[in-house]
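Visitor: Structure for the following, please:
(chains A and B)
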Amino acid sequence: MKVVRVLLASFLLLSLLPGCWNRKEINELAIQVGTAIDKVGSQYRVAVQVVVPAEVSSRAAGSGRSPVTIYEATATTIFEAFRKLTETSPREIYSAHIRVLVLGEALAREGIIDVLDALSRNPEARSDFYIMIARKSEGKDVLKILTTLEKIPAENLFHTLDTSSKTWSPTTSVTLDQLIEQLVTKSSSPVLTGAKIIGNQHGGMTIKNVEEAESAAMVRFIGLAVFKEDKLEGWLNEKESRGYNYIMNNVKTSAGHIKCPSGGSAVMETTHTKTKLKGKIVDGEPVIRIELKNMGTISDVECRLDLKDPHMISELEERSRNHLIEVMDEAIHASKNRFHRDIFGFGQVLYRYYPDAWEKMKDNWSAHFNKLKVEYAVDSIIQKIGTTNDSLRKYLKE
Amino acid sequence: MPSSTGKIPMKDGLEAAIDTFRTILGDSQDFITKQLETPWNRNAALLYMNGITDRQLLQQSVQEIMDGVQPSEESSGKPDTLLVNISKKIHTAGDVKLDHTMEGLLSNLLCGYGVFLLEGCNEALAFHVEGGEGRAVEEPTSQGVTRGPMEGFNESLATNLSMIRRRIKDPRLWAKGRKIGKITQTNVVVLYIHELACPELVEEVFRRLDKIDTDSILESGYIEEFIQDEPYSPFPTLYNTERPDVIAASLMEGKIAILVDGTPFALLAPALFVQFFQSPEDYYQRADISTLLRLIRFLAFLITMLAPSFYIAITTFHQEMLPTSLLVSLAAQREGVPFPAFIEAMLMEITFEILREAAVRMPKTVGQAISIVGTLVIGQAAVDAGIVSAAMVIIVSITAVSSFVIPAINLSIAIRMIRFLLMGLAATFGLFGMMTGLIVLILHLTGLRTFGVPYMTSVAPFVFENQKDTLFRIPWRGMVLRPKYSGGKNLKRQQKSPQRKQEEGTS
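Guide: A predicted model of the protein is given here:
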């Protein structure tokens, strides 16, 4: 009986003394889904997008208010700014569910390393959110654009980038841990996708934006931002971005056009693709060999093309091969001539194959990179031609 | 005041003896005395308790007494010899004995014996004519099956015993009786199969039964509480059932059954934790079906125990574990709910427990009304009023439904009690508290013993051979050995894999 009494007493004390450590009711949280960080003068301005749950849930649909609200604060350091948010927010900002981090282009040009430190130090947040650069605008503005299909704009950005990076080769998604890894690896420079507001920016910030079939403003992922150390240096255009992603094995599926022999274009849809990078030393000079295996189907023929002819398939494969080389070459060209830096991490590849040679080259890698020879071993295979043979154009009455 | 011990006061004549009985029994209405004329020129009397004796048997027995010994044969003139001779002529009654003590006769009288007093005899004749009204054998209500025997025990010990005898026709099925309860004198029978049950275990059961010192045993629950290993545990360490097939099957596994007169619920010892998840139907349906159902029961067990506390822990401490859209949806539901999740859960769980208890205690005709009101109150109204969130209603409902999946009600109630403790821990420490609670629970369970056998046998200590009938139930042809736990001998149940496929060539 004494044991029972002691146990009972300790149980009662247990429930009183710790005072419900760290307890937060779900409706006492401001669920932060998106963060935008900009630089204002010498201070950081943090804007967070917080969900208004009642507006998002399916039960209370149609009250016509914004599904999210934005709080912002400006302070000397990032963390102070985050805490300062409580000046305006009635609830504690809960950062575990952050989906996107939008960095303003101005901030990115000044350097992002301090931002990343504050975020990676936060034990609450997961590191699987996507990071993007607001192109030609402030990060905060990107979060302000209301969206229709995904009610929460941050979710919209996340899913758009996620889908796009899987099905469209010019975009790529980068998470916090990947970004930090690229930043701290010597000879590798990170890239981040740019998010650009298109359309009427101010119209996009009102609820009207989601009332019409065609939204006044949207956010479009366009181009890849190239960094020098942690500072944004420039942008890759669509073709270069495509090349970059092919080299980096970032492409899952995509689509690209091939010029037909008879003029016009045909589209090859990439269904499987795999890139391997290999390093070599030829005559004391580093050479990078890019082995790309690309498999796909013909999904659109906008020229006269006899697809029943096996030679034609081979011809198309050859053209696709050349196209891929051209695209990748463009990216490397941009890397060499515009940025003068190795954005692909070729140095790392070399290091894996020839650590000793790399040891001699690493201090002078930029110079070596500019002279670097790249070999292509591209294999492009057309597996299927869809559910019809010749192009419809052929049957057109003449 | 005449004493209920000692010899029958026959010296003062038959009348006096009858009077003594009547006084001791307090002039009870159902105590019947009949003066009889005998062919031997002696007065005699028949005593019996009305209602617990069978009229017809009694009548026949009296007839046999009268016709059994002719006056001419009565030579010696000694009444005691006459009584012995008479006793040999009673065939109808089961048990016939001569007794000269008041206590013996009284206890027989109250067990449905007829007592025949003959003038001049120091002894009296008691013959067993027990009978009277009882409940018929009906379908068991507490442990239903869709396939399997539909008869359940009733309140009569003899009937219950017969149901098991009919199932196991073997001389090694031994039924040893005890009378427990100083006043109620309840018949308790210990059943086991000699050579299958571990002798030490049988001994231990008797030892514990003999230690019971109480004045009344009205249900097997009394016995259970007196003989269980660990009084301060919510977990039942004795299995109870009202199904004769369950008892028979357990006896065949070397277990020991305790049948108590006056209740349809028999006890089984030792009772292992996994046994409470086994339904008799598991063995009547195909093995694959049974395995699936059994796994569902274990799942339901976990849901009953953990669902509310898990919900509390995750929504108040570990919101990062939820997918974002689920978190947003839960947050939307909780918007405007005035209580913390813990209070909300407690409110709903207690409401449910009240409704459940009401449904059990209420007259069956009103039950319908309660269930309608209950569902409306708990479900829709509470959510609409904004007192609880819809998600909590789902959690409480799934908890409630799952708790009814566990075949043994006493285990299900034990889990429901533990659930509240875990909810408290979850509300104060989150998952950390829950896990601590679960560790304590596992320590407790592994430390429990049922008649010296570890409660978690098959799992901890792990017994590989028993796995065929723990989480899974393999087909009967694979159950070559009886489960191992009690150290019983004679483990072999059948020859290894009997023929299963049709021989090739036969059409």
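
Visitor: so residue 360, which of the three states?
Guide: Assuming you mean chain A. helix (DSSP: H, G, I helix; E, B strand; the rest coil).

Visitor: what about it, distance to residue A:287?
Guide: 16 Å (C-beta to C-beta, to the nearest Å). To be clear about C-beta, it is placed using only N, CA and C from the backbone, and glycine gets the same treatment.

Visitor: What of residue B:365?
Guide: With distances taken as C-beta to C-beta, residue B:365 is found 92 Å from residue A:287.

Visitor: Between residue A:360 and residue A:287, which has more neighbouring residues?
Guide: Neighbour count, other C-beta atoms under 10 Å in any protein chain shown: between residue A:360 and residue A:287, residue A:287 has more, with 16 against 11.

Visitor: so that one, which of the three states?
Guide: Secondary structure of residue A:287, per three-state DSSP, is strand.

Visitor: got the contact list for it?
Guide: A:279, A:280, A:281, A:372, A:373, A:374, A:375 (C-beta atoms under 8 Å, 6 or more residues apart in numbering or on different chains).

Visitor: give me the beta-bridge partners of it?
Guide: Counting by DSSP bridges, residue A:287 forms beta bridges with residue A:280, residue A:373.

Visitor: As a check, name the ranges of all strands in the chain.
Guide: Looking at chain A here, since you left the chain open. A:29-40, A:43-51, A:68-75, A:92-94, A:100-104, A:130-134, A:191-199, A:217-228, A:231-236, A:254-259, A:265-282, A:285-302, A:373-384 (DSSP state E).

Visitor: wrong chain, I was asking about chain B
Guide: Per DSSP E, chain B carries strands over the ranges B:31-37, B:43-49, B:96-99, B:113-118, B:124-128, B:173-180, B:186-193, B:239-241, B:256-260, B:266-269, B:449-450, B:453-454.

Visitor: nearest to residue A:297, of those?
Guide: strand B:453-454 (63.2 Å; C-beta to C-beta).

Visitor: Can you read off the backbone torsions of residue B:484?
Guide: Dihedral pair for residue B:484: phi -100, psi 120, per degrees, to the nearest 10.

Visitor: what's the burial count for it?
Guide: Using other C-beta under 10 Å: residue B:484 sits among 16 other residues.

Visitor: May I have the residues that are in contact with it?
Guide: Taking C-beta under 8 Å, 6+ apart as the test, what residue B:484 contacts is B:463, B:465, B:466, B:491.

Visitor: now do residue A:271
Guide: A:253, A:295, A:296, A:297, A:383.

Visitor: What of residue B:248?
Guide: Applying C-beta under 8 Å, 6+ apart, the residues contacting residue B:248 are B:164, B:167, B:168.

Visitor: Make a markdown table out of the strands of chain A and add distance to residue A:153.
Guide: What follows is the strands of chain A, written out as a markdown table (distance: least, C-beta to C-beta, whole Å):
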| stretch | distance to residue A:153 |
| --- | --- |
| strand A:29-40 | 7 |
| strand A:43-51 | 6 |
| strand A:68-75 | 6 |
| strand A:92-94 | 17 |
| strand A:100-104 | 9 |
| strand A:130-134 | 13 |
| strand A:191-199 | 11 |
| strand A:217-228 | 8 |
| strand A:231-236 | 23 |
| strand A:254-259 | 26 |
| strand A:265-282 | 30 |
| strand A:285-302 | 32 |
| strand A:373-384 | 38 |
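
Visitor: hmm, back to that, which of the contacts of residue A:287 count as buried?
Guide: A:279, A:280, A:372, A:374 (16 or more other C-beta atoms under 10 Å in any protein chain shown).

Visitor: Find the nearest non-adjacent residue to the last one, please.
Guide: Of all residues not flanking residue A:374 in the chain, residue A:288 sits nearest, at 5.1 Å (C-beta to C-beta, 6 or more residues apart in numbering or on different chains).

Visitor: ok, that neighbour to residue A:346 distance?
Guide: 5 Å.

Visitor: shared neighbours, these two?
Guide: Joint contacts of residue A:288 and residue A:346 (C-beta under 8 Å, 6+ apart) are A:277, A:279, A:372.

Visitor: May I see those residues organised as TSV, with pLDDT and distance to chain B added?
Guide: As requested, the shared contacts of residue A:288 and residue A:346 are exported to TSV (pLDDT from 0 to 100; distance: C-beta to the nearest C-beta, whole Å):
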residue	pLDDT	distance to chain B
A:277	92	35
A:279	89	41
A:372	88	43
